[in-house]
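Engineer: predicted model and sequence below, questions to follow.
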Amino acid sequence: MEEKILTLGIETSCDETAAAVLRDGREILSNVISTQIPLHQKFGGVVPEIASRKHIVNIMPVIDEAINKAGVQLSEINQIAVTYGPGLVGALLVGVSAAKSLAYALKIPLIAVNHLEGHIFANFLSAAELEPPFLALVVSGGHTALIKMNDYNNFELLGQTRDDAAGEAFDKIARVMNLPYPGGPEIDKLAKSGNADAIDFPRPKVSEFDFSFSGLKSSVLNYLNSAQMKGEVVNNADVAASFQKAVVDSLIEKTVDAAQNFNLKKIVLAGGVAANSSLENNLRAVCTENNLQFFYPSKILCTDNAAMIACRGYYQSLKKDFATLNLNAVPNLGFKG
Ligand code: KG4
Ligand code: ZN
């Protein structure tokens, strides 16, 4: 029988300590995620120092659990893929150090993975039939970008946010509305009972395939502040629904424009904000109308996980894109293209 490659993935870029084992490119043997969300919730956002310390406590138990759940021995792992950016430097360093130590001890190759590329690759784990070329819309807490994927190892950045990321805007507005961290899922829930046409928040105007969410964010904050000053009662569900619609409309409009412009027939949604039900449903509907095929990762693969990192790493290993033990964390890493 042909030998299968086992890749151990490690992810610690923000507030999830995660490890996963993948057989070849797309078969998940284990996908362990230890979330720190409850720990950061009382601060209303991720506290970098606390995140790093918690990653240090969790990293080895999470890796052990991933190995055990996969039903393999550590000695059977062929290669290690780790997120080296973008993210919080102290948090990234925990994963990078663990991966380097294991790669050194086991004498196996190390692969340095860009977290954003990992989010796109989550789709290969959810859809066995998916292959490039396609257009990827990456929407996370820190990034909003449109990427043209020509091949597994060939990307082009078509556009990105000029200011805030979509997830950042969701989290900020939720915080002002006294909703718990992370705000995205809370706004998503609240919006279901609101009227999305109640308030006409401005749609951002930026050229080409770039995005902008800071003007929209300020407009929602102004709306909430001025209502509070006038002593008016605000319908939070309507605010959530109207804000969400403005974000979703802008994401969808640019995505469809880019698909048409570059004649791409497949649209792939990626990143934490991909878990947003309105974005998923509306983008799916627009894709159907425009004869575009729509791909979307399962909920657990939308937000941060190590299976997507192992998947990205596997495809890098096919072109021998290995890292040395000098690998360092790169907190502001962008798309390499
Ligand atoms: O990709 P991710 O897990 O971490 C980063 O790489 O940033 O994304 C986290 C972001 C947070 O801003 C969170 O509020 C947002 O994804 N998010 C959502 C939803 N679920 C998570 N935003 C809107 N609707 C959701 N259902
Ligand atoms: Zn992420």
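Structural biologist: Arrived safely. For clarity, every value in this text was computed on a predicted model and none was experimentally measured. Ligands and ions are numbered 1, 2, ... in the order given.
Engineer: using PDB, write out the CA atom coordinates for whichever helix or strand Ser226 is part of.
Structural biologist: Following DSSP states H and E, one finds Ser226 within helix 214-229. Extracted C-alpha coordinates of helix 214-229, given in PDB (Å, rounded to 0.1, in the frame of the first residue of the first chain):
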ATOM      1  CA  SER A 214     -14.200  52.100   9.800                       C
ATOM      2  CA  GLY A 215     -16.700  54.700   8.400                       C
ATOM      3  CA  LEU A 216     -19.600  52.300   8.800                       C
ATOM      4  CA  LYS A 217     -18.400  51.400  12.300                       C
ATOM      5  CA  SER A 218     -18.200  55.200  13.300                       C
ATOM      6  CA  SER A 219     -21.700  55.700  11.800                       C
ATOM      7  CA  VAL A 220     -23.100  52.900  14.000                       C
ATOM      8  CA  LEU A 221     -21.300  54.300  17.100                       C
ATOM      9  CA  ASN A 222     -22.600  57.800  16.400                       C
ATOM     10  CA  TYR A 223     -26.100  56.500  16.000                       C
ATOM     11  CA  LEU A 224     -25.900  54.700  19.400                       C
ATOM     12  CA  ASN A 225     -24.200  57.700  21.200                       C
ATOM     13  CA  SER A 226     -26.600  60.300  19.900                       C
ATOM     14  CA  ALA A 227     -29.600  58.100  20.800                       C
ATOM     15  CA  GLN A 228     -28.200  57.700  24.300                       C
ATOM     16  CA  MET A 229     -27.600  61.500  24.600                       C
END
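Engineer: tell me the angle the next helix-or-strand element following that helix makes with helix 214-229.
Structural biologist: Following helix 214-229 in sequence order, the next helix or strand is helix 236-261 (DSSP H and E). Here helix 236-261 runs at an angle of 170 degrees relative to helix 214-229 (axes from the mean of the first three to the mean of the last three C-alpha atoms, to 10 degrees).
Engineer: adjacent strands (with direction) for the next helix or strand after helix 236-261?
Structural biologist: Remark: after helix 236-261, the chain's next helix or strand is strand 266-270, criterion DSSP H and E. In the sheet, strand 266-270 lines up against strand 134-139 (parallel), strand 293-295 (parallel) (DSSP bridges).
Engineer: pull the contacting residues for the residue of the stretch 101-250 of the chain found nearest ligand 1.
Structural biologist: Using C-beta to the nearest ligand atom, the single residue of the stretch 101-250 of the chain nearest to ligand 1 is Gly184, 2.1 Å away. Just so you know, the C-beta spots here come from the backbone N, C-alpha and C atoms, and that holds for glycine as well. Gly184 makes contact with 141, 167, 170-171, 174, 272-273, 275-276, according to C-beta atoms under 8 Å, 6 or more residues apart in numbering.
Engineer: can you add pLDDT, distance to Ile59 and neighbour count and give the residues you listed back as JSON lines?
Structural biologist: Below are the contacts of Gly184 laid out as JSON lines (pLDDT from 0 to 100; distance: C-beta to C-beta, whole Å; neighbours: other C-beta atoms under 10 Å):
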{"residue": "Gly141", "pLDDT": "90", "distance to Ile59": "21", "neighbour count": "24"}
{"residue": "Gly167", "pLDDT": "94", "distance to Ile59": "24", "neighbour count": "25"}
{"residue": "Phe170", "pLDDT": "96", "distance to Ile59": "28", "neighbour count": "30"}
{"residue": "Asp171", "pLDDT": "94", "distance to Ile59": "25", "neighbour count": "23"}
{"residue": "Ala174", "pLDDT": "95", "distance to Ile59": "29", "neighbour count": "23"}
{"residue": "Gly272", "pLDDT": "92", "distance to Ile59": "21", "neighbour count": "25"}
{"residue": "Val273", "pLDDT": "95", "distance to Ile59": "26", "neighbour count": "30"}
{"residue": "Ala275", "pLDDT": "93", "distance to Ile59": "25", "neighbour count": "22"}
{"residue": "Asn276", "pLDDT": "96", "distance to Ile59": "29", "neighbour count": "26"}
